[in-house]
Each structure stands twice: as C-alpha cells, then as structure tokens.
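# here you go, sequence then predicted model.
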Protein chains: 2
Amino acid sequence: MSLENISCQKSFGGWHKRYRHRSQVLGCDMVFAVYLPPQAEQGGKLPVLYWLSGLTCTDENFMQKAGAHKLAAELGLIIVAPDTSPRGTQVPGDPDGAWDFGLGAGFYVNATQQPWAANYRMYDYVVAELPALIEAHFPASDKRSVSGHSMGGHGALVCALRNPGRYSSVSAFAPISNPMDCPWGQKAFSRYLGDDRARWREWDASVLVAQASERLPLLVDQGDRDDFLENQLKPQVLQQAAQAAGYPLQLRLQPGYDHSYYFIASFIDDHLRHHAAALGVERA
Amino acid sequence: MSLENISCQKSFGGWHKRYRHRSQVLGCDMVFAVYLPPQAEQGGKLPVLYWLSGLTCTDENFMQKAGAHKLAAELGLIIVAPDTSPRGTQVPGDPDGAWDFGLGAGFYVNATQQPWAANYRMYDYVVAELPALIEAHFPASDKRSVSGHSMGGHGALVCALRNPGRYSSVSAFAPISNPMDCPWGQKAFSRYLGDDRARWREWDASVLVAQASERLPLLVDQGDRDDFLENQLKPQVLQQAAQAAGYPLQLRLQPGYDHSYYFIASFIDDHLRHHAAALGVERA
C-alpha cells in the first residue's frame, strides 16, 4: 500500500505530516495526519495515540487547534488523526446534504445498509487498516491508545470496548455517550445500520461498557456549558453503566467549558499524560 | 462606544471572547477577539499583548491555532487580536479580488489614496482606537506590547518603532521586514500610499529602525524553510539596519520551520515570556 506525502511541517522539533492513500476498506482515497515527535528520528519505535474527530471535522482540526504537539514532543508520542468519513465523488453522503450524517460524519461504524454499506466502514478503517499502515510506514510500535471528541469520543469508546487487547488506554472529550438514545446517534444508526435496534447495541458505549471483558484506564472530560450536553451527549448514562459494571471511568465535569477546541486544548495535556502512563512512556 | 459580545468560551481557566463594534476610524463594523486570563476576574488591571495577524487572517486564526492561552493564563496577560482589514459591503477591497491586498490585507497603514483612504486606516485602529476601547471596557492597564506574523509582523514593528513610549516590547514571527523592497509590500504601498516612495519610508521597519529614538526589547523568529523568506520577508535587511543603528534585535533563524501556525505555536511561549519580562509580569 503506497502513501503519498502531501505536506510536511516542523512543529515543536518534530513533524506534522499529511498523507493521501487508497483505502481498500473504504473504497476511496483518504487523507490522514500524523504528528511525529523528535524521538521518531532516533531509531526506536514509539507508541501511537489515535485521535478520532467530531462531526464536520477532517484530519486538520485536531492538529491545528488542540495544542497537543508540545507535550507529545516531550513524551515521544506519535499522534494519528484520520478523517471522519470516506470522501470522494463516488461516495454517497447525506441525501439532504446535512452536516450530521454522511460526509464528515461516519460515526466510526461499519454501515450495513445501502447506499452506505460499500464505503462507510470507518470502524474497520480506524481499528485495523489505518494502524496497519502506520505501523508499516512509520517508527510506530504496536502500543496504541485512542481518544476523540464528540462523535469521535463515541468512536474512541466503541473501538476500545469492542477490542480487548488492542489499546492500552482510552479517553474522550464530550463523547456521544449513548448514541442509541440521542438524535445524532439515532439518525446515523438508523441509516447506516437499519431499523433493528439490536444491531445498534453493538455500537453504543453505554451498552458495551456493561459487557466489557477488559478494564482500560478511561478518562472523560465534559464541559458543563456544552450546548449538546443534555440532548446529545449524556455522559451520565455512561457513568451509570460503568459504575454498575465496575468499569474504572474517571468522568470530570469541567465548569464553564463548551464543546469547542478551546475546551479540548485546555485539558489535552491531561489526556496525553493519561495515555502516556498506560503506554509506559516516561516523560523526559 | 458600545461593544456587542458575540461569543464567550472558557479556555485555560480564562475566557476567549469576541466582540463586534462600530469603528469610527475605519467607518465600518469590526470584530476583534480578546483572551482574558483568570486573573482578569481578580479586580486589578493587567497588561495587554496586541497580536497582529497576517494576510487573509481574521481575529480567529491566532486564538485558535497559536496555543497561546495556556501561558497567558499563567502569566496573567491579556491578548487582543484584531481583524486584518476593514470589512463590510461598503468597504472596497482589491479590484481583482486578490488575497494579498484589500480585504484581509490592510497592512496596518493609513491609506492616503482613493478609494481606500476613507476606510483603510488600520494603523490608527490598532495603535489608538482599539487600545482605547480595550482599556475602557476590560481590566486592562496601559502597559502594552505588540507582536504579529508576516504582514502583522511588519505591522507590529511599525507600530512600535513609530510610537516611542507606547509599547514595552515588540516581537514578530516571519515579518515582512522591508516592505518597500518586496512584491507584497510594493503592491500594497503603491495602492494605499501612492507612487511617492518617500511616503513608503514612513511604513518600512528597516527604514524606521535606523531612525528610532527608543530601544525596545525586539525578538524576531524566522523559519529557514519559509517559502516567503527570500522574496518577501528579508529579515537580514532589518538585521543589518538594526545593527547599524545599535538597535537590540534578537533574530533567530529556526531550522526546518515554515510560515505556518505550527511554527508560531512552537515558539509563542518564548515570545510571551519576552513580553511578560518587559511588561513587568511575574510568572506565578
């Protein structure tokens, strides 16, 4: 599988690079971004944090706005940020062009319904195809953690909870915690997965956490002035499910913060340290 | 003068806020952003760093991408980011719609030529009207410093060099150091200021530094892989002029860095500390 490097920018002594490649899983060309800390040039292999972005985002939002490079450079952590859906003229999006479904809104599931089933397989892409690519082409070890925001927070939780042994830690900012029971999730799941709600349960973090066979360090930050908190995000459902299951969730309600990247930037260092500790990274 | 608050987001314990107001100087409505560190709620007055952005930017680029809030919050430094030109349907931009002149490209001069003379007075706006507004409406002292990027680096240098006593320190990232002698500057100056190159000398940092009556701490960072370095930016001209005049310029050529906000983010903390020291700010 070949990678086309489309940009390369020095950042905090390391490199922010973007690549285009043909995704076999998604059936289209995809772009992803990778932050390679300075230690990537020293010959060893480094652990990787996968960042899954929210609705409407691309590979660029996190890299430009989260302010994560500085501490990643100190820790020696690779960060990979994929796009949020398949792209390309042959890939169908929302029939109405809405921003909460289709392009920029893959929800990190494998669609089973037409016309999306052929291309909307973001789960397989971020769990398997992309890590294989990263580990083949970069100085990346097979130690992985996963984090994300909003729709990507849902994705991070689902990827980790469905794949025991694959990640060392998981975290999320303002995740869609119970997508089966909120408008964004219901719209996406009914179209990507069909009307059988039994299928939806395979993609809902608050359901999955109750069945999890593995216990990973799990950190969730949520702003209490987030406009989407009550209707869409519902972290208290995840919290109750985790509590009932004895899953070690650290949920922090951050007073005054909203749903934006200012919120993410304010706490990203805590998340990087959370993952670094689980990945066995010693801070220089 | 009234301010309309159009957004308010918590960031590193402080607040990122955007305001719209009627600018008397520019004859149009303007939007600016202000970062208020947590100390702004403690009753005292804080010094202000004015940030002048580059071509095509608005008040948003720096606040979203520079990663400056964290250290500003620790230092207790207010940051103000104005827009880069007048805006509005009555305000003429580039006749050809180019991105390097007109809208998003005010060059921080006072235009003397029609049709720009009535509105393109960004120098008066950032040196006088905006600080007066800030000091009247926010817990801001009259201690000011100024910094900027590219076109805004030119602006920061010109504002500081033309106004002894007004700023405590100045810095720039990849400034247009000798605008009289580069394509961006020549295009802007010939239209805003007319053909008399004697007038241009009043707005060229490399000329002004030779005449400066004041010595401010001056830090300039420049990436050596910046695509605009040779043809547009020419920091060596500023360096030679500063050296001849005995002006204390610290020019750092940063290996591998380009013209982007990844470069700015990598070194913004050094600039904040440079200004904080001159402003008498003690780090907590």
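Sure, I can see it. Numbers count the residues shown, from 1 in each chain, chains lettered A, B, ... in the order given.

# okay, now the unreliable bits of chain A?
Applying pLDDT under 70 to chain A flags residues A:1, A:283-284.

# now do the same contact list for the most centrally placed residue in chain A.
Nearest to the geometric centre of chain A sits A:Leu52, at 2.2 Å (Cα atoms, centre = their mean). By Cβ atoms under 8 Å, 6 or more residues apart in numbering or on different chains, the residues touching A:Leu52 are A:82, A:84, A:108, A:126, A:146-149, A:151-153, A:155-156, A:159. Every C-beta, even on glycine, is put in place using the N, C-alpha and C of the backbone.

# mind doing that once more with 7 Å?
Applying Cβ atoms under 7 Å, 6 or more residues apart in numbering or on different chains to A:Leu52 gives the contacts A:Tyr108, A:Val126, A:Val146, A:Gly148, A:Gly152, A:Gly155, A:Ala156.

# just the ones in helices from those residues, please.
The helices, defined by DSSP state H, take in A:Gly152, A:Gly155, A:Ala156 from those.

# and which of these is nearest chain B?
Taking Cβ to the nearest Cβ as the measure, chain B lies nearest A:Gly152 of the ones in helices among the contacts of A:Leu52, at 18.0 Å.

# circling back to that earlier point, any chance of CSV for the contacts of A:Leu52, columns neighbour count?
Formatted as CSV, the contacts of A:Leu52 follow (neighbours: other Cβ atoms under 10 Å in any protein chain shown):
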residue, neighbour count
A:Tyr108, 27
A:Val126, 28
A:Val146, 30
A:Gly148, 31
A:Gly152, 32
A:Gly155, 34
A:Ala156, 29
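
# tell me, how many neighbours does A:Leu229 end up with?
Counted with other Cβ atoms under 10 Å in any protein chain shown, the neighbours of A:Leu229 add up to 18.

# would you enumerate the residues in contact with it?
By Cβ under 7 Å, 6+ apart, the contact set of A:Leu229 is A:Gln222.

# any idea how far it lies from A:Phe263?
Using Cβ to Cβ, to the nearest Å, A:Leu229 is found at 12 Å from A:Phe263.

# would you mark the buried spots in the helix or strand harbouring A:Gln222?
Secondary structure from DSSP states H and E places A:Gln222 in strand A:218-223. Residues A:Leu218, A:Leu219, A:Val220, A:Asp221, A:Gln222, A:Gly223 are the ones in strand A:218-223 that count as buried (16 or more other Cβ atoms under 10 Å in any protein chain shown).

# cool, and stretch A:130-147?
A:Leu130, A:Pro131, A:Leu133, A:Ile134, A:Phe138, A:Pro139, A:Ala140, A:Lys143, A:Arg144, A:Ser145, A:Val146, A:Ser147.

# and the last one, how close does it get to chain B?
What it means is A:Ser147. Using Cβ to the nearest Cβ, to the nearest Å, A:Ser147 is found at 18 Å from chain B.

# count of residues packed around the residue lying closest to that residue once chain neighbours are set aside?
Among residues not flanking A:Ser147 along the chain, A:Ser171 sits closest, at 4.4 Å (Cβ to Cβ, 6 or more residues apart in numbering or on different chains). Applying other Cβ under 10 Å, we find 29 residues neighbouring A:Ser171.

# surely A:Ser171 touches A:His274?
Yes - here A:Ser171 reaches A:His274: they are 5.6 Å apart, a contact under Cβ atoms under 7 Å.

# near chain B, which residues of the stretch 1-150 of chain A show up?
Listed as neighbours of chain B in the stretch 1-150 of chain A under the rule Cβ under 7 Å from any Cβ of the partner chain: A:Gln9, A:Lys10, A:Ser11, A:Phe12, A:His16, A:Gln64, A:Lys65, A:Gly67, A:His69.

# now the stretch 51-200 of chain A against chain B: closest residue?
A:Gly67 (3.9 Å).

# so which of the residues of the stretch 1-150 of chain A next to chain B sit within strands?
Among the residues of the stretch 1-150 of chain A next to chain B, DSSP state E puts A:Gln9, A:Lys10, A:Ser11, A:His16 in strands.

# most neighbours among the residues you listed, which one?
Highest neighbour count within those, by other Cβ under 10 Å: A:Ser11, with 26 neighbours.

# for that residue, which non-adjacent residue is spatially closest?
B:Tyr262 (3.9 Å).

# same check, this time on A:Asp226
In space, and not counting its chain neighbours, A:Asp226 is closest to A:His259: 4.5 Å by Cβ to Cβ, 6+ apart.

# residues in contact with that neighbour?
For A:His259, the contacting residues are A:Ser150, A:Ala174, A:Gly223, A:Asp226, A:Asp227, A:Phe228, by Cβ under 7 Å, 6+ apart.

# right, and the fourth one touches A:Ala174 too?
Yes - judged on Cβ under 7 Å, A:Asp226 makes contact with A:Ala174 at a distance of 5.6 Å.

# only the buried subset of the contacts of A:His259, as a PyMOL command please.
Only the buried entries of the contacts of A:His259 go into this PyMOL selection, using 16+ other Cβ under 10 Å:
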select buried, chain A and resi 150+174+223+226+228
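
# could the contacts of A:His259 go into JSON lines alongside secondary structure?
Output for those, formatted as JSON lines (DSSP: H, G, I helix; E, B strand; the rest coil):
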{"residue": "A:Ser150", "secondary structure": "coil"}
{"residue": "A:Ala174", "secondary structure": "coil"}
{"residue": "A:Gly223", "secondary structure": "strand"}
{"residue": "A:Asp226", "secondary structure": "coil"}
{"residue": "A:Asp227", "secondary structure": "coil"}
{"residue": "A:Phe228", "secondary structure": "coil"}
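
# okay, and the closest residue to A:Val91 other than its chain neighbours sits in which element?
Of all residues beyond its chain neighbours, the one nearest A:Val91 is A:Asn119 (4.6 Å), with distances taken as Cβ to Cβ, 6+ apart. Using DSSP H and E, A:Asn119 sits within no helix or strand.
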